[in-house]
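Enquirer: kindly generate the corresponding structure for this input.
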Amino acid sequence: MAGQRATGTQLEKKLQNKAAGAKNDAPTPSQTIAAYMDKMKYQIAEAMPKHMSIDRLSRIALTTIRTNPKLLECSMPSLMGAVMQAAQLGLEPGLIGHCYIIPYGTEATFIIGYKGMIDLARRSGNIKSIAAHEVYQNDFIELTYGLEENLQHVPWFLRKDEQPTESGKIIGAYMVAKFNDGGHFIHYMPIGEIEAHKKRSKASSKGPWVTDYTEMCKKTVVRSGWKWLPISVEIASAVTQDETVRRDITPNDEPFVFEMPKEPQGNDTTRPGDADPKQSADGSGQDELDFE
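Expert: Next comes the predicted model:
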């Protein structure tokens with residue numbers, strides 16, 4: 001009986017160890033996302049403009065996703081869809097402000113930033129320069145529309161008629177675009193209109209509307225005047241991807257299987273970093289992250 005109990009205890013320990021090993025072998029969300037992005041690498045590269053690097057975009061996108069725990073909980077199709085949207089528009093997600101990937105529940109939402117909007121407009125080839133500025137309560141601004149449009153904006157800290165000690169609240173934002181043919185376009189939005197747009201955004205309480213409010217005010221006025229700019233249909237349609245979720249981006253219709261690297265077994269004396277003895281002579285073979 002004692003021998004049977006000992007055997008049972010040993011079996012139980014083996015099962016526990018096996019279960020623990022299985023848990024340790026399970027990929028983390030970050031590893032799964034990295035593996036999936038690696039599989040989509042060439043498909044994403046095909047959608048990118050020539051001036052972008054797929055390796056750089058992959059690193060930036062992974063860093064953006066890994067540093068936001070909520071993004072790690074988002075569905076894989078929506079995450080890959082957001083990365084693909086950034087690639088198609090030639091925009092980099094993250095701190096530079098071209099675009100953002102924001103979690104909304106379990107879906108990743110793609111949002112174009114102020115710098116991204118400006119970059120897209122400049123690519124049209126018909127715009128000499130474009131800029132947007134926020135207007136504070138203590139700034140001096142004078143705007144006249146009509147046959148002779150005129151805009152004068154003096155920031156609060158440069159005013160000579162008065163010397164305010166602070167900026168006050170943001171009261172609006174404007175965009176000025178100069179065209180190659182000598183024309184120009186001025187568009188102003190009071191803060192009430194900007195806030196109305198913000199309320200219609202499902203990401204109004206998170207992401208850049210919280211962390212980069214001023215930039216989003218400028219982005220909103222650029223987007224509002226977008227339809228009046230001399231840009232191509234392709235560039236104009238890019239704005240329709242703003243604040244959207246796409247789930248139809250997949251590398252192919254094959255099943256996706258994530259496998260962790262296997263530990264050496266038996267007489268396998270291969271050490272970490274050694275060449276794989278099963279690898280073909282031409283250097284091809286499976287990576288550590290295996291897909292089927």
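
Enquirer: model confidence for the residue nearest to residue 126 when sequence neighbours are not counted, exactly?
Expert: Leaving aside its sequence neighbours, residue 126 sits nearest to residue 230 (Cβ to Cβ, 6 or more residues apart in numbering; 4.2 Å). Any C-beta I mention is one placed from the backbone N, CA and C, and that applies to glycine too. pLDDT recorded at residue 230 is 87.

Enquirer: and for the one 5 residues further on?
Expert: What the model reports for residue 235 is a pLDDT of 76.

Enquirer: if we can go back for a sec, next, the residue nearest to residue 126: phi, psi?
Expert: Here is the backbone geometry of residue 230 (degrees, to the nearest 10): phi -80, psi 80.

Enquirer: from what I can see it touches residue 179, true?
Expert: Yes - judged on Cβ atoms under 8 Å, residue 230 makes contact with residue 179 at a distance of 6.1 Å.

Enquirer: from residue 156, how far out is the closest residue to residue 241 other than its chain neighbours?
Expert: Distance criterion Cβ to Cβ, 6+ apart; nearest residue to residue 241, sequence neighbours excluded, is residue 85 at 5.2 Å. The gap separating residue 85 from residue 156 is 38 Å, by Cβ to Cβ, to the nearest Å.

Enquirer: the more surrounded of these two?
Expert: Neighbour totals were compared for residue 85 and residue 156, and residue 85 leads with 25 against 18 (other Cβ atoms under 10 Å).

Enquirer: wasn't residue 188 part of a helix?
Expert: No - counting by DSSP: H, G, I helix; E, B strand; the rest coil, residue 188 is not found in a helix; it is strand.

Enquirer: burial count for the closest residue to it other than its chain neighbours?
Expert: Of all residues not flanking residue 188 in the chain, residue 174 sits nearest, at 4.2 Å (Cβ to Cβ, 6+ apart). As a burial measure, residue 174 scores 21 neighbours (other Cβ under 10 Å).

Enquirer: who touches both of residue 230 and residue 179?
Expert: Shared contacts of residue 230 and residue 179 (Cβ atoms under 8 Å, 6 or more residues apart in numbering): 126, 127.

Enquirer: show me where the stretch 151-292 of the chain has strands.
Expert: Remark: strands assigned in the stretch 151-292 of the chain by DSSP state E, counting those that start in this stretch are 170-179, 184-190.

Enquirer: what's the longest one packed up against?
Expert: Contacts defined by 3 or more Cβ pairs under 8 Å, 6 or more residues apart in numbering; DSSP states H and E place strand 170-179 against strand 127-136, strand 150-154, strand 184-190, helix 191-200, helix 213-224.

Enquirer: which stretch among those is buried most, on average?
Expert: Across the helices and strands packed on strand 170-179, the average number of neighbours (mean count of other Cβ atoms under 10 Å) peaks for helix 213-224, which reaches a mean of 21.

Enquirer: run the angle between that helix and helix 191-200 for me.
Expert: Orientation check (axes from the mean of the first three to the mean of the last three Cα atoms, to 10 degrees): helix 213-224 against helix 191-200 gives 90 degrees.

Enquirer: need the residues that contact helix 213-224.
Expert: Against helix 213-224 from outside (Cβ under 8 Å, 6+ apart): 97, 112-118, 121, 130, 132-134, 170, 173-175, 187-189, 191, 193-194, 197-198, 208-209, 239, 242.

Enquirer: export stretch 193-206 to PDB, keeping only CA atoms.
Expert: Output in PDB follows, covering the C-alpha atoms of stretch 193-206 (Å, rounded to 0.1, in the frame of the first residue of the first chain):
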ATOM      1  CA  GLU A 193     -17.700  73.300 -33.000                       C
ATOM      2  CA  ILE A 194     -14.500  71.400 -32.100                       C
ATOM      3  CA  GLU A 195     -16.100  70.100 -28.900                       C
ATOM      4  CA  ALA A 196     -19.100  69.000 -30.900                       C
ATOM      5  CA  HIS A 197     -16.800  66.900 -33.100                       C
ATOM      6  CA  LYS A 198     -15.100  65.500 -30.100                       C
ATOM      7  CA  LYS A 199     -18.400  64.300 -28.600                       C
ATOM      8  CA  ARG A 200     -19.200  62.400 -31.800                       C
ATOM      9  CA  SER A 201     -15.900  60.500 -31.500                       C
ATOM     10  CA  LYS A 202     -16.100  57.200 -29.600                       C
ATOM     11  CA  ALA A 203     -12.500  57.900 -28.500                       C
ATOM     12  CA  SER A 204     -13.400  61.300 -26.900                       C
ATOM     13  CA  SER A 205     -12.500  60.100 -23.400                       C
ATOM     14  CA  LYS A 206      -9.200  58.400 -24.200                       C
END
